[in-house]
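Engineer: Here is the input, now give the coordinates:
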Amino acid sequence: QHNMFVCAPTTPAQFFHMIRRQMRFTARKPLVVMTPKSLLRHRLSVSTLEDLSQGQFRMVIRDTELADTKAVRRVVMCSGKVYYDLAEKRRELKREDIAILRVEQLYPFPVDELKQELERYPNAKRFIWCQEEPMNQGAWFPSQHHMWPLLPKGARLEYAGRPMSAAPAVGDHKLHLQQLQDFLEQALGGKD
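Structural biologist: Okay, here's the model as predicted:
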């Protein structure tokens, strides 16, 4: 009933503006933040002073690395730290036909903001939700029903991530890295 906020900020500016927004609300609601400590020292998770001083919290962050939105055939949506893994893998694969959208607020789900971003890619045929958590954890199950109506007619939402698991982590670093590479390939690799 929109009685809380659940966010996964990916940059220092987003974190700052999320806290600032929370303090400025007249009615206080709980704020749940899902961000790993590793993001504090991630080399790509940076913000400019301009982002901090003039920005605001963005519930959905558009892909700014692509020059031609009409060339996009696949849209990958994600939340949290996995964005940086996806962005690095896309650069490695030299794929300019894939857009990556960051959903920074998971609840209340930013339906209007995501719809507006998806409309920027009129030629996209595949839409994928990618997450690092196992399928039965993370945002896939509680959020997918918000995304379905936003897709073009005939399109379907695909999942790229770890398989269902009772544990939040696999417990083996080698297997963890192998699963990461597998779902990054699933989200970004292959032909459309």
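Engineer: counting residues per helix, which one in this structure is longest?
Structural biologist: Counting by DSSP state H, the longest helix found in the chain is helix 173-188.
Engineer: from the chain's centre, how far out does it sit?
Structural biologist: How far helix 173-188 lies from its chain's middle: 17 Å, per CA atoms, centre = their mean, to the nearest Å.
Engineer: For that helix, which helices and strands make contact with it?
Structural biologist: For helix 173-188, the packing partners by 3 or more CB pairs under 8 Å, 6 or more residues apart in numbering; DSSP states H and E come out as strand 74-78, helix 82-93, strand 126-134, strand 157-162. C-betas here are computed from N, CA, C, even on glycine.
Engineer: for the record, mean pLDDT for the second one?
Structural biologist: By that I understand helix 82-93. The average pLDDT within helix 82-93 is 96.
Engineer: immediately after it, which helix or strand?
Structural biologist: Sequence order places strand 98-103 as the next helix or strand after helix 82-93, per DSSP states H and E.
Engineer: in the longest helix of the chain, what's buried?
Structural biologist: 179, 180, 183, 184, 187, 188 (16 or more other CB atoms under 10 Å).
Engineer: One more: stretch 153-169?
Structural biologist: Using 16+ other CB under 10 Å as the test for burial, stretch 153-169 gives 157, 159, 160, 161, 162.
Engineer: If you drop the residues flanking it in sequence, what lies closest to the fourth one?
Structural biologist: Read that as residue 161. In space, and not counting its chain neighbours, residue 161 is closest to residue 131: 4.4 Å by CB to CB, 6 or more residues apart in numbering.
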